[in-house]
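> next input, structure requested:
(one chain, ligands or ions: 1)
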Amino acid sequence: MAFDVNHVAIIMDGNGRWATGRSHPRVWGHIRGARKVSEIITETDKLGIKALTIYAFSTENWSRPTSEIKTLIKLLKKFLHLERPRIIKNRIRFKVIGNIGHLPVEIQTLVREIEESSKDFEGLKFNIAFDYGSRDEITKAVNRYIAQHPGKEITSEALGANLHTQLCGDVDLLIRTGGDQRISNFLLWQ
Ligand code: FPP
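Next up is the predicted model:
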């Protein structure tokens, strides 16, 4: 590999604008965007990148129209069914970071099954951030630490070790597909 990039993170936005600009409904952009994720996993793996984290749904995204939320959840389900064999075959370590508790039980089960069967894999670490917010992640990490070490001051190492991405290291490259230059509560610590 010609460059030293270990952890790539992608904010998958601009889909709505892209679709509207082509006279399609916004969700069409999400559908096309979701398809691209499979290609991105293949290319990331080929480049020898160690970790990939994609932002599929933020804690703020619940304020979107119900029909759009439903489409995004359906896309996640379709993606998981489609990618599961490839995750296993290519020994990709899969994880959802954020919250899955508001998803239909069937999808929660699917997520847990894929996480469980891939937890010892040594290949690409692939994280989907769903119902994810970085401030929420950091707050939970600190509270977890306080509960386990009452009265002890937290260090930055201990905080990092309590985050969902503890095995992936800091982000080396952040791509925001819509072209804006904002972090939007995504992997703030990392
Ligand atoms: C925000 O930007 C993007 C989202 C809320 C959804 C991104 C999700 C996907 C592309 C599909 C999910 C993929 C998987 C693998 C589950 P926007 O497109 O609404 O931005 P815009 O309004 O700026 O165009």
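> for the lengthiest helix in the chain, packing partners?
Taking DSSP state H as the criterion, the chain has its longest helix at helix 66-89. If you count contacts as 3 or more CB pairs under 8 Å, 6 or more residues apart in numbering; DSSP states H and E, helix 66-89 packs onto helix 26-46, strand 51-58, helix 105-118, strand 125-132. (Glycine included, C-beta is placed from N, CA and C.)
> rerun that using 6 Å as the cut-off
helix 26-46, helix 105-118 (3 or more CB pairs under 6 Å, 6 or more residues apart in numbering; DSSP states H and E).
> show me the beta-bridge partners of residue 129.
Beta bridges link residue 129 to residue 55, residue 97, judged by DSSP bridges.
> show the contacting residues for it.
Residues near residue 129 by CB atoms under 6 Å, 6 or more residues apart in numbering: 55, 97-98.
> ok, residue 144 touching residue 162?
Yes: with contacts counted by CB atoms under 6 Å, residue 144 reaches residue 162, the gap being 5.3 Å.
> so between these two, which is more surrounded?
Neighbours per residue, other CB atoms under 10 Å: of residue 144 and residue 162, the larger number sits with residue 162, 18 against 15.
> grab the nearest non-local neighbour of that one.
residue 141 (3.7 Å; CB to CB, 6 or more residues apart in numbering).
> my guess is that neighbour contacts residue 164. True?
No: applying CB under 6 Å as the test, residue 141 and residue 164 come out as separate, 8.4 Å apart.
> hang on, the earlier thing: which stretch among the helices and strands packed on helix 66-89 comes nearest residue 126?
helix 26-46 (6.2 Å; CB to CB).
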